[in-house]
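A.B. asks: kindly generate the corresponding structure for this input.
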Amino acid sequence: QVHLVESGGGLVQAGVSLRLSCAASGRTFSTSSMAWFRQAPGKEREFVAAINWSGGATSYVESVKGRFTISRDNAENTVYLQMNSLKPEDTAVYYCAATRYNVLGPTTPNYFDSWGQGTQVTVSS
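C.D. replies: Residues are numbered from 1 along each chain as shown. Predicted coordinates:
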């Protein structure tokens, strides 16, 4: 497994940007596809974005396309989520996740075997 620690969440107003970071250790980070999920109160955990081992392939949930960008730095063992034009509906706990597979696959939580503790993002209107 991979040990993951998220950071960068906070309370912001609608329209601004935040960048989340996820620092990884343990299993070789550079061979793992990574993802961000989020969970709002009373809702199921939702896929947000994923990136393959090299950063050459990404996928996004429709609601964040054009606003969020996932990226990774394999030299720093870190994956990022740049969030622009934040909306109140983006409010959630954001989780970083890793899978043993190096390619993009299903966007369901059970494809990923390592999870961070989460970081809260709150967007006020």
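A.B. asks: which residue packs closest to the residue nearest to the spatial centre of the chain, ignoring adjacent ones?
C.D. replies: Centroid-nearest residue in the chain: residue 36, 2.1 Å away (criterion: C-alpha atoms, centre = their mean). If the residues on either side of it in the chain are set aside, residue 36 comes closest to residue 48, at 4.4 Å by C-beta to C-beta, 6 or more residues apart in numbering. Glycine gets a C-beta too; all of them are placed from N, C-alpha and C.
A.B. asks: phi, psi for the residue nearest to the centre of the chain please.
C.D. replies: Residue 36 adopts backbone torsions of phi -120, psi 140, taken as degrees, to the nearest 10.
A.B. asks: give me the distance between it and residue 125.
C.D. replies: Separation of residue 36 from residue 125 (C-beta to C-beta, to the nearest Å) stands at 23 Å.
A.B. asks: now residue 33
C.D. replies: Counting by C-beta to C-beta, the gap from residue 33 to residue 125 is 34 Å.
A.B. asks: cool, and residue 69?
C.D. replies: 23 Å.
A.B. asks: quick one, which of those two is more surrounded?
C.D. replies: Shown here are residue 69 and residue 125; by other C-beta atoms under 10 Å, residue 69 has more neighbours (17 against 9).
A.B. asks: hey, what's the more buried one bridged with?
C.D. replies: Beta-bridge partners recorded for residue 69 (DSSP bridges): residue 82.
A.B. asks: my guess is it contacts residue 85, does it?
C.D. replies: No - using C-beta atoms under 8 Å, residue 69 is not in contact with residue 85; the gap is 11.6 Å.
A.B. asks: after the helix or strand hosting residue 95, which helix or strand is next?
C.D. replies: In this assignment (DSSP states H and E), residue 95 forms part of strand 92-98. Counting by DSSP H and E, the next helix or strand C-terminal to strand 92-98 is strand 114-115.
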